[in-house]
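> need a 3D model of the following:
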Amino acid sequence: MGQAEHRPPRTTAQAAAFLKWLYWRYVRIWFSFLPPAAINKFTAVAARLQVGVAGRRKQIMLEELELSSLIKGRSAGKLILKSFQNQLNSWIKQCYLRKMNDKTIDDYIPAEGLSHLDHALSLGKGAILLNPHFGPYMMIMPALGHRGYKVSQLAIQAESPRVARAGFTMLANKARYEAVEKSMPIRFINAGTETFDNFGLRNMAIRDVLNALRQNELVLYPPTGRGGRQWHSAPFLGRTANFNLVPYRIALKEGVPLIPVFLIDLTENVNSRNSARVVIEPAIEVSTGDTPEGLLMKYLTTLTAYIEKYPEHFAFFQFDMKLKSEWDDHPFFSLP
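Numbers count the residues shown, from 1 in each chain. Take a look at the predicted model:
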């Protein structure tokens, strides 16, 4: 089946775009005055409503979670509810970006493992932070930038949307860009910039990544991202998934530390203004005999442990990848 068969009617899409525009332009400001506990209560109710009407999304999520053996020992219904709430929180809690700064960041996003970053930077070669599409992953940018770290984020879309779309879709994209990307205290590296490099890639600004590392900066790299031209298949969650080996090749070639980072959405026992928690793992051990494929497998061991502990943080990404697999020439999970 083609992707077009699953697109909502134009009127429905425009209505959804209008609500998104309304949120990013106005409602997020009101929400920013609410404590995270209040937002959690709101999204818990909203998630129940979504589950009641989004039958197809619910079914696909269930199928993907089952294929990845992530439901075992859990209530499928509760896991789906938590997955919907996690996705809602991931973008609604971005309302707090306007209130985050170097004085308040500890309240909004407490951090564990900052010493791993400091040790890596003491080596003078920068570090690649592996930040997957897991939970409120966007919040790693203010979490580090407002703590004084020099950070560059590799992203496919790092500029104001220029796609010629009509009506509220265009307005919603612009409003979100102004509220989110433009407010981030970091530098974006546009992965859409065409460059030629030694890693067999085009359309990825590897030159800018290397320059940032050589200036002893932190580079956020999405290991589950879909940008690139070369892919490596690896066992993951009991299936076969396709990954880009660029960060692991850079680590070997440049001697750069690879550090896994994770953002955990806080929905229970929330104190004060805590919205999410960033966890920085120790750097992946790199030895002279390692290969890019071997480093990838080391990383996937850590990523799998987090997904098995917090499957609701990965469920929406799996849903999104399933939809895109119908037209993507390099789907995240290899098709049977």
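
> would you map the helices across the chain?
Counting by DSSP state H, the segments of the chain that form helices are 10-22, 28-31, 36-53, 55-67, 76-92, 105-108, 114-122, 140-145, 167-179, 206-214, 246-254, 292-309, 315-324.

> which parts of the first one are buried?
In this case it means helix 10-22. 17, 20-21 (16 or more other Cβ atoms under 10 Å). No exception for glycine: its C-beta is placed from N, CA and C like everyone else's.

> what is the nearest of these to residue 219?
For these, the minimum distance to residue 219 (Cβ to Cβ) is 29.7 Å, reached by residue 20.

> these two touch, right, residue 319 and residue 57?
Yes: between residue 319 and residue 57 there is a contact under Cβ atoms under 8 Å: 6.1 Å.

> residue 245 versus the closest residue to residue 291 other than its chain neighbours, what's the distance?
Nearest residue to residue 291, sequence neighbours excluded (Cβ to Cβ, 6 or more residues apart in numbering): residue 252, at 7.6 Å. As judged by Cβ to Cβ, to the nearest Å, residue 252 and residue 245 stand 10 Å apart.

> what does residue 128 give?
12 Å.

> thought residue 58 was touching residue 80?
Yes: here residue 58 lies in contact with residue 80, judged by Cβ under 8 Å, at a distance of 5.8 Å.

> more neighbours: which of those two?
Set residue 58 next to residue 80 and count neighbours by other Cβ atoms under 10 Å: residue 80 wins out with 23 against 20.

> picking that back up, which neighbours do residue 252 and residue 245 share?
residue 292 (Cβ atoms under 8 Å, 6 or more residues apart in numbering).

> which one's more surrounded, these two?
Here residue 252 and residue 245 are compared on neighbour count by other Cβ under 10 Å; more neighbours surround residue 245, at 22 against 19.

> can you list the buried residues of helix 10-22 in JSON lines and add distance to residue 230 and pLDDT?
Listed next are the buried residues of helix 10-22 as JSON lines, based on distance: Cβ to Cβ, whole Å; pLDDT from 0 to 100:
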{"residue": "17", "distance to residue 230": "35", "pLDDT": "87"}
{"residue": "20", "distance to residue 230": "34", "pLDDT": "90"}
{"residue": "21", "distance to residue 230": "38", "pLDDT": "92"}
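
> give me the number of residues near residue 285?
Around residue 285 there are 10 residues (other Cβ under 10 Å).

> before we move on, the earlier item: which residues do residue 58 and residue 80 both contact?
Counting by Cβ under 8 Å, 6+ apart, the residues touching both residue 58 and residue 80 are residue 51.

> centroid residue for the chain?
Within the chain, the residue whose C-alpha comes closest to the C-alpha centroid is residue 133; the distance, by Cα atoms, centre = their mean, is 3.1 Å.

> my guess is that residue contacts residue 262, does it?
No: counting by Cβ under 8 Å, residue 262 is not a contact partner of residue 133; they are 11.1 Å apart.

> if we can go back for a sec, nearest to residue 301, of the buried residues of helix 10-22?
Among the buried residues of helix 10-22, residue 20 lies closest to residue 301 (Cβ to Cβ), at 36.9 Å.

> with residue 29 as the reference, measure out to the closest one.
Residue 20 is 15 Å from residue 29, by Cβ to Cβ.

> for the stretch 201-336 of the chain, which residues score under the pLDDT cut-off?
The model of the stretch 201-336 of the chain has pLDDT under 70 over residues 201-204, 269-272, 336.

> next one: the stretch 51-200 of the chain
In the stretch 51-200 of the chain, residues with pLDDT under 70: 157-166, 192-200.

> if we use 50, what do you get?
158-159, 163-164, 195-200 (pLDDT under 50).

> list the buried ones in stretch 307-320?
Under the neighbour-count rule (16+ other Cβ under 10 Å), stretch 307-320 has 307, 310-320 buried.

> nearest to residue 240 among these?
Distances from residue 240 to the buried residues of stretch 307-320, taken by Cβ to Cβ, are shortest for residue 318, at 14.1 Å.

> quick check: closest non-adjacent residue to the closest one.
residue 64 is the one closest to residue 318 (Cβ to Cβ, 6+ apart), at 4.1 Å.

> surely that neighbour touches residue 315?
Yes: the criterion here is Cβ under 8 Å, and residue 64 meets it with residue 315 at 7.1 Å.

> for residue 112, list the residues it contacts.
Residue 112 neighbours (Cβ under 8 Å, 6+ apart): 277-280.

> neighbour-wise, which one of the residues you listed leads?
residue 278 (24 neighbours).

> separation between it and residue 264?
Separation of residue 278 from residue 264 (Cβ to Cβ): 8 Å.

> doesn't residue 276 make contact with residue 136?
Yes: proximity of residue 136 to residue 276 meets the contact threshold set by Cβ under 8 Å, at 4.9 Å.

> quick check: neighbours shared by these two?
Common neighbours of residue 136 and residue 276 (Cβ under 8 Å, 6+ apart) are 93, 263, 265.
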